[in-house]
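S.K.: Give me coordinates for this.
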Amino acid sequence: MRSALLWMARNERLARTIPQMRFAKRAVRRFMPGERVEDAFAAAERLRDERIGVLFTRLGENLESLDEAQAVTQHYGTVVDKDAERAHVAGPIEVSVKPTQLGLDQDPQTCLANCHELARRCATTGTWFWLDMEGSDYTERTLDLAQALMAEHDNVGIAIQACLKRSAADVARLLQSEPAIRLVKGAYDEPARIAYRDTGAVDANFLGLALLVAEAAGRGEARLALGTHDIELIEQIRTLAAARDVPPARLEVHMLYGIREQELRRLRDAGHPAFSLVAYGEAWYRWYMRRLAERPANVIFALRQLMP
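M.R.: Sure thing, here's the model as predicted:
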């Protein structure tokens, strides 16, 4: 099923037709409050009132022009400035962006300049700029971007995918610069020569990477976010991290909006910084199909939307 859903995510014809279907618009609301940034802000206020931190991501990838990339850069700058006017006890909204939204396909130097601009804008309001990880074709370039940014800014983070066999070396490379790392399992269909295809192997790699970064976080030398809804895996990491004297405050949990919210609150109450990733925008189809591919329960929920 996972392979079929990821194939659907790449299919151009389906990407044009499915988003127009009413049931699909209903189903996607499981994962996003709406397409407009105003919807995202409304959700953010509710979450922050519950002491849940918020990350914004405007959906879209592989933009076709530098003009589009500039528009995305300006959009996030406006979001950061607008949020600064709404100071909240739960902290400012952080932003998480795919490099191909900022011009990586067209001109890496322009992409880097856009990233610097957003890192600076975020720094002025005391918030963070995160680089999302895309397919493996972009891994090395995204790491290069992150390291260039981290050399000049102390508010930049990067997502690392546990499904990739290279990730242990990538984490070791990043740990040289006191990084912020959001560890995720990975939602792209990668070949076996570079990726773990077995769920157990992905989980084992996630666990090992998490403990490696957690030890650095416990020393104040890294920021670690567990970007997963796998509660059993989170509990394993919590137990082993505590045995290594890593305090809960150094072990963040990031979950998608609308998913396992009760568990996120429980982890918040246990002392872990808890964040909800709030997605918005019209270009949700590919992102949504990858979310369905991550967990069979998500497919069951989507099928229920077919019912009247």
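
S.K.: what about the helices in the stretch 151-300 of the chain?
M.R.: Applying DSSP state H, counting those that start in this stretch to the stretch 151-300 of the chain gives helices spanning 167-174, 199-218, 231-243, 261-269, 285-294, 296-304.

S.K.: Find the one among those with the highest mean neighbour count.
M.R.: Highest mean neighbour count among these (mean count of other C-beta atoms under 10 Å): helix 285-294, with a mean of 22. No exception for glycine: its C-beta is placed from N, CA and C like everyone else's.

S.K.: hang on, the earlier thing: of all the helices of the stretch 151-300 of the chain, which lies closest to residue 249?
M.R.: helix 199-218 (9.5 Å; C-beta to C-beta).

S.K.: orientation of the closest one relative to helix 167-174 in degrees?
M.R.: Here the directions of helix 199-218 and helix 167-174 differ by 10 degrees (axes from the mean of the first three to the mean of the last three C-alpha atoms, to 10 degrees).

S.K.: any idea of the mean pLDDT in helix 199-218?
M.R.: What helix 199-218 shows for mean pLDDT is 97.

S.K.: which residues touch it?
M.R.: Helix 199-218 is contacted from outside by 160, 162-163, 167-168, 171-172, 175, 178, 181, 183, 185-186, 196, 222-224, 226, 228, 230, 233, 236-237, 240-241, 244-247, 250-251, using C-beta atoms under 8 Å, 6 or more residues apart in numbering.

S.K.: Cross-check the contact I'm expecting between residue 65 and residue 106.
M.R.: Yes - Residue 65 lies in contact with residue 106 (C-beta atoms under 8 Å); the separation is 6.8 Å.

S.K.: neighbour count winner among those two?
M.R.: Using other C-beta atoms under 10 Å, the more surrounded residue of residue 65 and residue 106 is residue 106, with 16 against 11.

S.K.: can you pull the contacts of the more buried one?
M.R.: 63, 65-66, 69.

S.K.: how much space between residue 264 and residue 251?
M.R.: Using C-beta to C-beta, to the nearest Å, residue 264 is found at 13 Å from residue 251.

S.K.: got TSV for the helices of the stretch 151-300 of the chain, with distance to residue 137 too?
M.R.: Converted to TSV, those look like this (distance: least, C-beta to C-beta, whole Å):
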stretch	distance to residue 137
helix 167-174	15
helix 199-218	19
helix 231-243	27
helix 261-269	32
helix 285-294	15
helix 296-304	25
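
S.K.: Out of those helices, the one nearest residue 91 is which?
M.R.: Closest among the helices of the stretch 151-300 of the chain, using C-beta to C-beta: helix 261-269, at 12.8 Å.

S.K.: quick one: that closest one to helix 231-243, angle?
M.R.: Using the same axes, to 10 degrees: helix 261-269 against helix 231-243 is 10 degrees.

S.K.: Centre of the chain to helix 261-269, how far?
M.R.: Relative to the chain's own centre, helix 261-269 is displaced by 18 Å; criterion: C-alpha atoms, centre = their mean, to the nearest Å.

S.K.: what does that helix contact?
M.R.: Residues outside helix 261-269 that contact it (C-beta under 8 Å, 6+ apart) are 50-52, 229, 231, 234, 253, 255, 274, 276.

S.K.: Contacts only, for the residue nearest the centre of the chain.
M.R.: Centroid check for the chain by C-alpha atoms, centre = their mean gives residue 132 as the closest residue, at 5.7 Å. Contact partners of residue 132, counting by C-beta under 8 Å, 6+ apart, are 57, 96-99, 159.

S.K.: Which of the contacts of helix 199-218 are buried, as a ChimeraX select command?
M.R.: Buried members of the contacts of helix 199-218, defined by 16 or more other C-beta atoms under 10 Å, are picked up in ChimeraX with:
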select :160,162,163,167,171,175,181,183,185,186,196,222,223,224,226,228,230,233,236,237,241,246,250,251
